[in-house]
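A.B. asks: Following is a predicted model, sequence given first.
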Amino acid sequence: MATQKAVKATTRTRAVPAEQVPAELRNLYKDEAVEEAAASLKFSTTDDPNAEPVEMETLFWVDDTEYKIPKEFGPSIALMYLDVIDKGRDMALALIMRGVIGPEGWSALMDLAAKKKINMAQVKALMEVVNTKTMGAMEAMEGNS
């Protein structure tokens, strides 16, 4: 039995000397306030006991069961959108909707669809809520809200 040697791939990059880059390009992405803020960022993976609970609101009901989503979408949703937008806007929103309503909520919607108890206008209305909240999170992330 023949064995294969692992071949290490190497990539060489060539940096352009700073003096060869026009000044307007060198400073194009330089924002001292952003650099200063980024240098002072510190994250923690432990739960904050003083954190405010996420405020929820009802997205839909199925019989006596209420399915809720966050009243405002936070950074995790904005990052999720950026992560999947290359699949198309509708696919990104569908994935976000599935994420925010959770497996039980998604299963409830799929069950309604299988039983023909939900129509396209209702699905569109649910998607519009998710779209509005997602775009709000994106605007907040971009500093436009």
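C.D. replies: Alright, I've got the coordinates.
A.B. asks: Determine how far whichever strand or helix holds residue 79 lies from the middle of the whole chain.
C.D. replies: Element membership for residue 79, per DSSP states H and E: helix 75-84. Once both centres are worked out by CA atoms, centre = their mean, to the nearest Å, helix 75-84 turns out to sit 1 Å from its chain's centre.
A.B. asks: That helix packs against which elements?
C.D. replies: Using 3 or more CB pairs under 8 Å, 6 or more residues apart in numbering; DSSP states H and E, the elements in contact with helix 75-84 are helix 89-114, helix 120-142. C-beta coordinates here come from the backbone N, C-alpha and C atoms, glycine included.
A.B. asks: Out of those, which is closest to residue 51?
C.D. replies: helix 120-142 (17.6 Å; CB to CB).
A.B. asks: in the helix holding residue 79, what's buried?
C.D. replies: 77-78, 80-81, 84 (16 or more other CB atoms under 10 Å).
A.B. asks: do the same with stretch 113-133
C.D. replies: 118, 126, 130-131, 133.
A.B. asks: Go through these and say which is closest to residue 89.
C.D. replies: residue 131 (8.3 Å).
A.B. asks: Could I get the contacting residues of that closest one?
C.D. replies: residue 93 (CB atoms under 8 Å, 6 or more residues apart in numbering).
A.B. asks: same deal with the one 3 residues further on?
C.D. replies: If a contact means CB under 8 Å, 6+ apart, then residue 134 has 73, 77-78, 81, 92-93, 96 as its contacts.
A.B. asks: Roughly how far does it sit from residue 106?
C.D. replies: 16 Å (CB to CB, to the nearest Å).
A.B. asks: go on, residue 120?
C.D. replies: 17 Å.
A.B. asks: What of residue 87?
C.D. replies: 17 Å.
A.B. asks: between the two, which one's more packed in?
C.D. replies: residue 106 (16 against 11; other CB atoms under 10 Å).
A.B. asks: Give me the distance between the closest residue to that one other than its chain neighbours and residue 48.
C.D. replies: Distances taken as CB to CB, 6 or more residues apart in numbering put residue 98 closest to residue 106, at 4.9 Å, once the chain neighbours are dropped. Distance check for residue 98 against residue 48: by CB to CB, it reads 27 Å.
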